[in-house]
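*Asks:* here is a sequence together with a model predicted from it:
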Amino acid sequence: MAATQIERILCPVDFSETSQGAFAYALGLAQATGAELIVVHALEDAPLFAAYAGPQANSILDEAESAARRELAELVADATLPAARLHTEILRGKIPQAILEYAEQQRADLIVMGTHGRSGLEYAFFGSVAERVLRRARCPVLIVPPRSRPR
């Protein structure tokens with residue numbers, strides 16, 4: 001059986017410590033395999049927020065996107081990967097669906113993402129983006145647990 005070539009890695013981040021750990025794993029894998037690394041942050045579309053916030057809703061969402069772009073730039077600033085192989089992107093929509101659709105569009109060979117390890121009532125309310133992506137992705141998904149760092 002031939003080994004699968006990893007050419008494109010997708011790494012969704014939410015800027016938490018856990019997603020920073022996942023980014024470190026994804027970066028290490030990209031360096032080791034020569035793969036392209038795409039780091040994404042998904043912003044949840046909030047129709048109710050837009051309905052109640054009125055005209056300023058767009059400016060608030062634009063500010064959130066600008067802040068996310070700054071945080072993405074800061075996250076990848078020290079990455080030792082050629083610029084042609086490291087990309088960042090902001091996604092909009094329902095977060096798990098946005099990640100899955102983007103992975104398909106980009107033909108990702110692997111998704112590397114963190115999980116917060118929620119359980120009980122917290123899990124019931126917030127669910128798990130990682131679990132939803134894992135269950136529906138068409139490519140392998142590497143889940144990095146809280147407080148994990150590559151060796």
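*Replies:* Looks like it came in fine.

*Asks:* any weak-confidence spans in this structure?
*Replies:* For the chain, applying pLDDT under 70 flags the ranges 1-3, 46-58, 117-127, 148-151.

*Asks:* so where do the strands sit in it?
*Replies:* With DSSP state E, the ranges of strands along the chain come out as 8-12, 36-43, 86-92, 110-114, 141-144.

*Asks:* want to throw those strands into CSV with distance to residue 65?
*Replies:* Quick note: C-beta positions are derived from backbone N, CA and C, even for glycine. As requested, those are exported to CSV (distance: least, Cβ to Cβ, whole Å):
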stretch, distance to residue 65
strand 8-12, 16
strand 36-43, 6
strand 86-92, 6
strand 110-114, 20
strand 141-144, 25
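
*Asks:* quick one: closest of these to residue 75.
*Replies:* Closest approach to residue 75 among those is made by strand 36-43 (6.8 Å; Cβ to Cβ).
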